[in-house]
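Chemist: Task: produce atomic coordinates for the following.
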Amino acid sequence: MFVINSKIFFSLTKVRLALSVVFSTLAGYILAADKIQVLDMLLLLIGGYCMVGASNSFNQIIEQDKDALMNRTKNRPLPTKKISSSNAFWISVFLTIAGLGILYTINYKTAFFAGLSVFIYTCIYTPLKSITPLSVFVGAIPGAIPFMLGWVAATNKFGIEPGSLFMIQFFWQFPHFWALGWMLDDDYKKAGFNMLPTGQRDKKTAIQIILYVLWMIIISVFPYSGLTGSLTLSLYGAIIVFCVGIIMLFFAINLYNRMDINSAKNLFLYTIFYLTSIQLVYIIDKFL
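Modeler: Presented below is the predicted three-dimensional model:
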C-alpha cells in the first residue's frame, strides 16, 4: 500500500487542464438539459475528472523519459522519481475504472465516449507524437469529446447537436495546439516531438492556423442557421460568438505577419479565453 500526497496527484492528473476539460463537459450538459439534475452534474464532474486524470497520468507514464528532456516537463512527478511508474500506473487504472463506473450510472453512452477518449489519447495519440505531426489531428478527437459528452450525459442521445459541439471543439484544437507547439517548438524537439504541421515555425504553419480558425468561426455560429436540431443560437448570440472569433483570427494573422513566439503566446492565451467565452455565451443564450 502506498500514500500519495495531493500535490503529486494533481500534477500527475494535470489538475488545471482536467478542470478546464470538465468545465466543457458541464457546459454541454447545461446546454442540453431540460432540467438540471445536481446529482448528474456532480457525477459528471467526478467521473469526468477521473477519466481526464487517467489520460494525463497514462500519458506521463509513457512519456516520462521524454518529459525528463524538456524544460517544461522535467519537474513532473515521474521524471523526478517522486512517484514510481508502477504506482502511477495503478492510480491511472483506478481512475479509469472509477470514472467509467461513475459515468455509467448516468448512462452507458457517456461511459462509452469517455472510455473511447482515454483509449485514443493514450494508445494512439501519445505514441504518434514522436512519429508524425499528424498526431495533432488524432489528439483533436479526444480533445473535442468533452463538450459533446455533456450533451450525451443529459439526453442519452448522440445526434446533430452533440456532433456540432464536437466539431466546434475539434476545429478549436488546431490553433490552440499549434500556437502552443510554436511557443515550445525548441523544447518539444529535444524530446523528438514535431507538433507543428510542417515541422517548422514557418508561413505554411501560420496559414494552416488561420484556415482552422476560419473553419472554427463558421461551425461556432452555424447553430444560428437552425439546422442543428435543438442546439440553437440567437442572432445576438451568433454576433457575439462571431466577434470573439474574429478577434482570434486577428491574433492568428498577427502570428503570420510577425512569426515570433510572443505572437504565438498571445494566440494561445486567447484560444483558452475563446473556448470558455463561447461556451458561456451558448449557455446564457439558452436561458435568455
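Chemist: and I284, how many neighbours?
Modeler: As a burial measure, I284 scores 11 neighbours (other Cβ atoms under 10 Å). Every C-beta, even on glycine, is put in place using the N, C-alpha and C of the backbone.
Chemist: How about the secondary structure of it?
Modeler: Three-state call for I284 (DSSP: H, G, I helix; E, B strand; the rest coil): helix.
Chemist: which residues touch it?
Modeler: I284 makes contact with G237 under the criterion Cβ atoms under 8 Å, 6 or more residues apart in numbering.
Chemist: What of the one 3 residues further on?
Modeler: By Cβ under 8 Å, 6+ apart, the contact set of F287 is empty.
Chemist: can you pull out the helices in the stretch 1-150 of the chain?
Modeler: With DSSP state H, counting those that start in this stretch as the criterion, the stretch 1-150 of the chain has helices at 6-12, 15-32, 38-62, 64-67, 85-104, 108-119, 126-128, 135-155.
Chemist: leaving aside the residues next to it on the chain, what's closest to the most centrally placed residue in the chain?
Modeler: In the chain, the C-alpha closest to the average C-alpha coordinate belongs to G143, at a distance of 3.7 Å (Cα atoms, centre = their mean). Once flanking residues are discounted, G143 sits nearest to Q173: 4.8 Å by Cβ to Cβ, 6 or more residues apart in numbering.
Chemist: In which helix or strand does the one you found reside?
Modeler: Mapping Q173 onto the secondary structure by DSSP states H and E places it in helix 160-183.
Chemist: If you count neighbours, what's buried in that helix?
Modeler: Judged by neighbour count using 16 or more other Cβ atoms under 10 Å, the buried positions of helix 160-183 are 161-162, 164-183.
Chemist: what's it packed up against?
Modeler: In this structure, helix 160-183 packs against helix 15-32, helix 135-155, helix 203-221, helix 235-258, helix 261-287, with contacts taken as 3 or more Cβ pairs under 8 Å, 6 or more residues apart in numbering; DSSP states H and E.
Chemist: tell me the angle of the last one relative to helix 15-32?
Modeler: I take that to be helix 261-287. Relative orientation of helix 261-287 and helix 15-32, computed by axes from the mean of the first three to the mean of the last three Cα atoms, to 10 degrees: 30 degrees.
Chemist: what is the orientation angle of helix 261-287 with helix 235-258?
Modeler: With the same axes, to 10 degrees defining the directions, helix 261-287 sits at 170 degrees from helix 235-258.
Chemist: Would you indicate which residues of helix 261-287 are buried?
Modeler: By neighbour count on 16+ other Cβ under 10 Å, the buried set for helix 261-287 is 263-268, 270-271, 274-275, 278-279, 281-282, 285-286.
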